[in-house]
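Peer 1: test case, fold it:
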Amino acid sequence: MIRPRRIAAVATVAIALASLAVTALGNSIKGSRHDLSFLNMRGYGVETGPMTGATFNDYKEVCVYCHTPHNADGAAPLWNRELPEPSGYQMYASPNFDSRADTPDGISLACLSCHDGTVAVDAVRNKPKYHAIVDAGTHYKMDLEGTPGSDSCGKCHNRQEGAYGGIGRAHDASIRYLTQDLRDDHPFSIPFPSYALDPGFNQPTTLKPDGGRMFPNGIQTFAGDKVQCASCHDPHDPDERNEEGRDPFLRTSNRESALCLTCHAK
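Peer 2: Below you'll find the predicted structure:
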């Protein structure tokens, strides 16, 4: 006979797993801005649209644009993209800073492999092998340059400066194009200041296996206790419906500056 206490424990675990499943479905990457196989459905409500066979390879898979099960790069878990060269960036700096970074590194290079505009969005190490792929021939990059003939997404998706900005109802995505000039972006690839170095920072309390630390709300540092793009962003959790009061792909809500104040003791 199964004891009541054991039944209750099993029921509790089942309810917890069910809750996690609902959360994952509610904030699934599928159909989000990071689902590059869904761009036409997202923009136009149909599987084929202005970008079909013209601007990037539609691999018909959600994960393959970033991940591969074999022969991956080590910049991020099972990373499937070509990484940009670390040189050539202009990094944020301030005379009030205790730390500085001359180049991006770590997991942030994986993010920049799409967002700095030097690597085509469909430039993967391993393409799908077991279903047909139509090579677009032209492979666009997320940069702001919008001159005719360029291979820039900004040609259509930079409504202010793109040669064909907004054509075919193309949305303005220029805010996501960081470029290599990062002087106007929150600093990253820098060590998180210790309390002894700067008491103006709260300190994460949970140690991570990679050498980083984490706050209870999920904001975290990475190897070398460094702040990286993924310190604030979760690329798998879009929450685009803002159900939890946060902007897309943030690890926690920034209502009343809650995210900022996680680290900054102001």
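
Peer 1: going by C-alpha atoms from here, please, whenever you check contacts or count neighbours.
Peer 2: Will do.

Peer 1: next one: residue 40 from residue 81, what distance?
Peer 2: From residue 40 across to residue 81, the span is 22 Å (Cα to Cα, to the nearest Å).

Peer 1: who has more neighbours out of those two?
Peer 2: More crowded of residue 40 and residue 81, by other Cα atoms under 10 Å: residue 81, with 27 against 17.

Peer 1: run through the bridge partners of that one.
Peer 2: residue 124 (DSSP bridges).

Peer 1: contacting residues around it?
Peer 2: For residue 81, the contacting residues are 65, 66, 67, 73, 110, 113, 123, 124, 125, by Cα atoms under 8 Å, 6 or more residues apart in numbering.

Peer 1: how about residue 93?
Peer 2: 100, 183, 187.

Peer 1: by neighbours, which of these wins?
Peer 2: Neighbour max across the contacts of residue 93 (other Cα under 10 Å) = residue 187, 19 neighbours.

Peer 1: which residues of this protein score low on pLDDT?
Peer 2: 1-26, 49-50, 52-53 (pLDDT under 70).

Peer 1: helix, strand or coil: sort out the residue nearest the centre of it for me.
Peer 2: Centroid-nearest residue in the chain: residue 235, 3.9 Å away (criterion: Cα atoms, centre = their mean). When classified by DSSP: H, G, I helix; E, B strand; the rest coil, residue 235 comes out as coil.

Peer 1: wait, isn't residue 225 in contact with residue 213?
Peer 2: Yes: between residue 225 and residue 213 there is a contact under Cα atoms under 8 Å: 6.5 Å.

Peer 1: for residue 118, give me its contacts.
Peer 2: Applying Cα under 8 Å, 6+ apart to residue 118 gives the contacts 84, 141, 142, 143, 179.

Peer 1: what subset of those residues is buried?
Peer 2: 84, 141, 142, 143, 179 (16 or more other Cα atoms under 10 Å).

Peer 1: quick one: the last one from residue 85, how far?
Peer 2: When you say that, I think you mean residue 179. The value you get for residue 179 to residue 85, if Cα to Cα is used, is 13 Å.

Peer 1: what of the third one?
Peer 2: Distance, residue 142 to residue 85, using Cα to Cα: 16 Å.

Peer 1: do residue 265 as well
Peer 2: From residue 265 to residue 85 the distance is 35 Å (Cα to Cα).

Peer 1: next: residue 197.
Peer 2: With Cα to Cα as the criterion, residue 197 and residue 85 are 31 Å apart.

Peer 1: and for residue 217?
Peer 2: For residue 217, the distance to residue 85 - Cα to Cα - is 32 Å.

Peer 1: between those two, which one's more packed in?
Peer 2: The residue with more neighbours, out of residue 217 and residue 85, is residue 85; 15 against 12, by other Cα under 10 Å.

Peer 1: helices of the stretch 1-150 of the chain, start to end?
Peer 2: For the stretch 1-150 of the chain, the helices defined by DSSP state H, counting those that start in this stretch occupy 4-26, 39-44, 107-115.

Peer 1: run the chain-centre distance for the shortest one.
Peer 2: Okay, so that is helix 39-44. Computed by Cα atoms, centre = their mean, to the nearest Å, the chain-centroid distance of helix 39-44 equals 19 Å.
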